[in-house]
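**Q** Build me a structure from this.
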Amino acid sequence: MTAVNIRTAASLYNVTGVGYAPAGDIMLDSAAQPLSEVQKAAVRMLLQGAVLCNDSALTRSDVEAAIDMEGASQLGASQPGAEASGMSFNRSKPIATPKVVYQPQGAPTEVALLTLGEKLGLKQKDFRELYPRIASVPFESEHKFMVTVHDEDGKRVLYLKGAPERLLPLCVSQVVNDDVSRSEPLDVAFWHKQQAELSSKGLRVLGLCRAELPDNFDTSSLSAKAMLSYPPFMSMVLMIAILDPPRPEAIQAISVAHQAGINVKMITGDHSLTALAIGRMLGIVGDKGFVLTGPEVDRMNDDALKAIVKDCNVFARASPENKLRIVRALQDLKQTVAMTGDGVNDAPALKAADVGVAMGITGTDVSKEAAKMVLADDNFASIVAAVKEGRRVWDNIRKILVFNLPVNLAQGTSVLYAYILALHAAPLTALQVLLVNLVTSVTLGLSLAVEPAEPDVMHRAPRRPNKRLVGKLLLWRCFFVCHLVVVLVIGMFYWAGQLGHPLPQARAEAFCVLVGAQVAYFICCRFLKLSTFHPRVFRGNKFVYVSGPLTVALMAFLVYTPGLNSFFAMQGMTGLQWARVVVCMAIVYVVVELEKALVDPVLMPIIKPVLRFLENHSPQWLTVDRPLKERLSLAHLCGHPDALSRKHSMQRRGVKRSQKQLQGATQPKGDAGVESTGEQGGPVGTDHVVLQVQERGEISPAAP
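**A** Residues are numbered from 1 along each chain as shown. Okay, here's the model as predicted:
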């Protein structure tokens, strides 16, 4: 976060420099040059309260940076007169030079204020010693302001920092001509207009007020409630605009999430205009998008909130109660909700969400305990990557089943049909069936388990939450591929017998046809719906180049190795037999690829009723429809992250527990949860996502 503007009643200042290092200048908006020393002194007095009314820290440390001097030596030696002047260079050893590093500690919003002060020479440590703190009121998300009282040369000065709309009702005057010793009546309309202009640019706006307290003022009774009960007595000093842009990877991740059918919502403590501008940057809302504020949510009953919550993707100035109500409203609309959070006040919403995601770096222990998952790197892009990985895992499980079940059925069915057709002998022996099952399961089946994600995996509509592993595709393939392989195995066995080949040689051909058909079908199974008539079939899975040739080599080894082939009732085949095996492999490959191209638009509408009946009568243990606690896992989230629809609503017991936690939860000092973004703000990228939700689209989180 970086402070970029200072708005006083008299002037607008621009601040240069990015990051926490105090490098940059402050200039008047109407001028293109740095401030004079007199102007800097005036701005220092204005910003003094921003440094004192602050619970964070900016520490400076010197580290040694190693610099390779080989390139420098070549450059230096090439300079005219280098050797004559006695310049020498160590071409092999690096040298260590000091490098200054600034480390933020606490809320990033407050650290940005400290960096701004450092640019003007206001060092927090020195000021705290010079003007000691007498009393303070820590930031609370409910009130969105922080108060400190300091002893300044015998005078007690109160500083108030927070959301401008919360500060203005407490003010009666404003600073005149950037001179804190002078004031004039407060122009409320002016400050509201300036806040709206800055917020509409996507800037986070903080206000700063001050007041000199009388000697008889009792600071021990100072509290947020007391501040709100006093008649207006403060003087508005300035507003500071802070830039907290979305991370580029977060913008890209949200775009990918939308393509995957994931609806991302943003809950923030920022001003509504700031939230709307950030939402547009993230691609969460369009030009006609709108924002709901916390007070507006408070005025809605549950039915009204449910009527609008799916259409609104940005919620501003939200309280912990608002977050909980938003989650419950989405669940009541049969949406499965994933939500991210890092603060103590996020705990009830994290607990109520179907999948609560806590921040691993900035998250509090309370939020981690309430969540079902902890995000190690606090990055929204990691959640989208996890969705992709979860879909890949689900696909690979299906690929293994779609491959193994049809070919395993074909092995036994070949023998069964041979007896039904009254052939003189079975095309395969029991040992051959066991051998094929062992070889192909180890070599080919395991290779499918490590298949990379398919190209269209993040362009699909999310699967149904109760989708069975044994679905229509698997049942159809079991019937279709099984009978295709059986026809080829029995046909080649019968043909070999008709050509006069001895039984061991005919069985060897049937064995090789079976194994070759499985190799061809294995290639088709690498992509469930996409065609393998594409260069992508040669990329992605290096184990394919091992498992396929290894299976073929084992097949030839078993057929031609003396002693071993007789043990398995086989003998070496002729060249014509091998040609028939290759043709059978090609038939399996081409027919299955044609089936993949035609089954959805042509065949499925015909056979769906039959498959639906079989699917509904498959064993219950083959479904992923588990009880709530078992179902809420990362794999489940990634499998159907859409608005991960689900029938259940939050159980009343859980809601009551969450409400009790909310009532008992307190926001500790310096906590940078989403709720505190109105004043202190959350760390860059830790705000909110309700997968359906994230503050800035930067878990810097879900969010389906």
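**Q** what packs against the longest helix seen in the chain?
**A** Criterion DSSP state H: the longest helix present in the chain is helix 380-420. For helix 380-420, the packing partners by 3 or more CB pairs under 8 Å, 6 or more residues apart in numbering; DSSP states H and E come out as helix 248-259, strand 338-341, helix 430-440, helix 446-449, helix 472-498, helix 503-525, helix 634-639. Yep, even glycine has a C-beta here, placed from its N, CA and C like the rest.
**Q** could you dump the ones you listed to TSV with distance to A42?
**A** Formatted as TSV, the helices and strands packed on helix 380-420 follow (distance: least, CB to CB, whole Å):
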stretch	distance to A42
helix 248-259	38
strand 338-341	41
helix 430-440	82
helix 446-449	69
helix 472-498	73
helix 503-525	74
helix 634-639	54
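**Q** which one of those is the most hemmed in?
**A** Highest mean neighbour count among the helices and strands packed on helix 380-420 (mean count of other CB atoms under 10 Å): strand 338-341, with a mean of 35.
**Q** Show me what that strand is packed up against.
**A** helix 320-332, helix 347-352, strand 355-359, helix 380-420, strand 689-690, strand 693-694.
**Q** same thing but at 6 Å, please
**A** strand 355-359 (3 or more CB pairs under 6 Å, 6 or more residues apart in numbering; DSSP states H and E).
**Q** Worst mean pLDDT across the helices and strands of this structure, which element?
**A** strand 693-694 (a mean of 34; mean pLDDT, DSSP states H and E).
**Q** what's the angle between the longest helix of the chain and helix 248-259?
**A** Between helix 380-420 and helix 248-259, the angle comes out at 40 degrees (axes from the mean of the first three to the mean of the last three CA atoms, to 10 degrees).
**Q** Helix 380-420 vs helix 430-440, what angle?
**A** 170 degrees.
**Q** Okay, now the unreliable bits of the protein?
**A** 62-99, 604, 611, 615, 618, 620-704 (pLDDT under 70).
**Q** which element follows the helix or strand where L598 lies toward the C-terminus?
**A** L598 is part of helix 575-598 when elements are defined by DSSP states H and E. The helix or strand immediately downstream of helix 575-598 is helix 604-616, counting by DSSP H and E.
**Q** Just the residues contacting that following helix, thanks.
**A** Residues from elsewhere that reach helix 604-616 (CB atoms under 6 Å, 6 or more residues apart in numbering): K472, L475.
**Q** same check, this time on stretch 509-527
**A** By CB under 6 Å, 6+ apart, stretch 509-527 touches 399, 402-403, 407, 427-428, 432, 436, 440, 444, 454, 485, 488-489, 492-493, 496, 532, 548, 551, 555, 573, 577, 581, 584-585, 588-589, 592.
**Q** Does the closest residue in space to L198 that isn't next to it in sequence lie in a helix or a strand, and which?
**A** Using CB to CB, 6 or more residues apart in numbering and skipping residues adjacent in sequence, the residue nearest L198 is A241, 4.4 Å away. Secondary structure assigned from DSSP H and E places A241 in strand 234-243.
**Q** export that strand as CSV, just CAs?
**A** The C-alpha trace of strand 234-243 is given here as CSV (Å, rounded to 0.1, in the frame of the first residue of the first chain):
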residue,chain,number,x,y,z
MET,A,234,-12.9,17.9,16.7
SER,A,235,-11.2,19.8,13.8
MET,A,236,-10.9,18.1,10.5
VAL,A,237,-7.2,18.2,9.4
LEU,A,238,-6.9,16.2,6.2
MET,A,239,-7.7,13.1,4.2
ILE,A,240,-5.1,10.7,3.0
ALA,A,241,-5.7,8.6,-0.2
ILE,A,242,-3.9,5.2,-0.2
LEU,A,243,-3.4,3.1,-3.3
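**Q** And the residue sitting furthest away from the middle of the chain, how far from T574?
**A** When distances are taken from the C-alpha mean of the chain, G500 lies farthest, 65.2 Å away, according to CA atoms, centre = their mean. Distance, G500 to T574, by CB to CB, to the nearest Å: 11 Å.
**Q** Q331 too?
**A** 67 Å.
**Q** Settle it for me: which of the two has more neighbours?
**A** Q331 (22 against 13; other CB atoms under 10 Å).
**Q** From L305, how far off is the more buried one?
**A** 12 Å.
**Q** likewise R507?
**A** Relative to L305, R507 is positioned 71 Å away (criterion: CB to CB).
**Q** One more: V582?
**A** 65 Å.
**Q** Tell me where the stretch 101-250 of the chain has strands.
**A** 133-137, 145-152, 155-162, 171-176, 179-185, 203-213, 234-243 (DSSP state E, counting those that start in this stretch).
**Q** Out of these, which is closest to G279?
**A** Ranking the strands of the stretch 101-250 of the chain by proximity to G279 (CB to CB) places strand 203-213 first, at 13.7 Å.
**Q** which outside residues touch the helix or strand containing Q48?
**A** Assigned by DSSP H and E, Q48 falls within helix 37-52. Contacts with helix 37-52, where a contact means CB under 6 Å, 6+ apart, come from 113, 117, 120, 122, 124, 127, 150, 159, 178, 180, 208, 210, 237-238.
**Q** Flag every buried residue along that helix.
**A** Residues of helix 37-52 classed as buried: Q39, K40, A42, V43, M45, L46, L47, Q48, G49, A50, V51, L52 (neighbour count, 16 or more other CB atoms under 10 Å).
**Q** Kindly export it (C-alpha atoms) in PDB.
**A** Only the C-alpha atoms of helix 37-52 are listed here, as PDB (Å, rounded to 0.1, in the frame of the first residue of the first chain):
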ATOM      1  CA  GLU A  37      11.000  23.900   3.200                       C
ATOM      2  CA  VAL A  38       8.300  26.300   4.500                       C
ATOM      3  CA  GLN A  39       5.600  24.200   2.800                       C
ATOM      4  CA  LYS A  40       7.100  21.000   4.100                       C
ATOM      5  CA  ALA A  41       7.100  22.300   7.600                       C
ATOM      6  CA  ALA A  42       3.400  23.000   7.300                       C
ATOM      7  CA  VAL A  43       2.600  19.600   5.900                       C
ATOM      8  CA  ARG A  44       4.700  18.000   8.700                       C
ATOM      9  CA  MET A  45       2.400  19.600  11.300                       C
ATOM     10  CA  LEU A  46      -0.600  18.300   9.400                       C
ATOM     11  CA  LEU A  47       0.700  14.700   9.200                       C
ATOM     12  CA  GLN A  48       2.000  14.600  12.800                       C
ATOM     13  CA  GLY A  49      -1.200  13.000  14.000                       C
ATOM     14  CA  ALA A  50      -1.000  10.200  11.300                       C
ATOM     15  CA  VAL A  51       2.400   9.100  12.800                       C
ATOM     16  CA  LEU A  52       1.300   9.400  16.400                       C
END
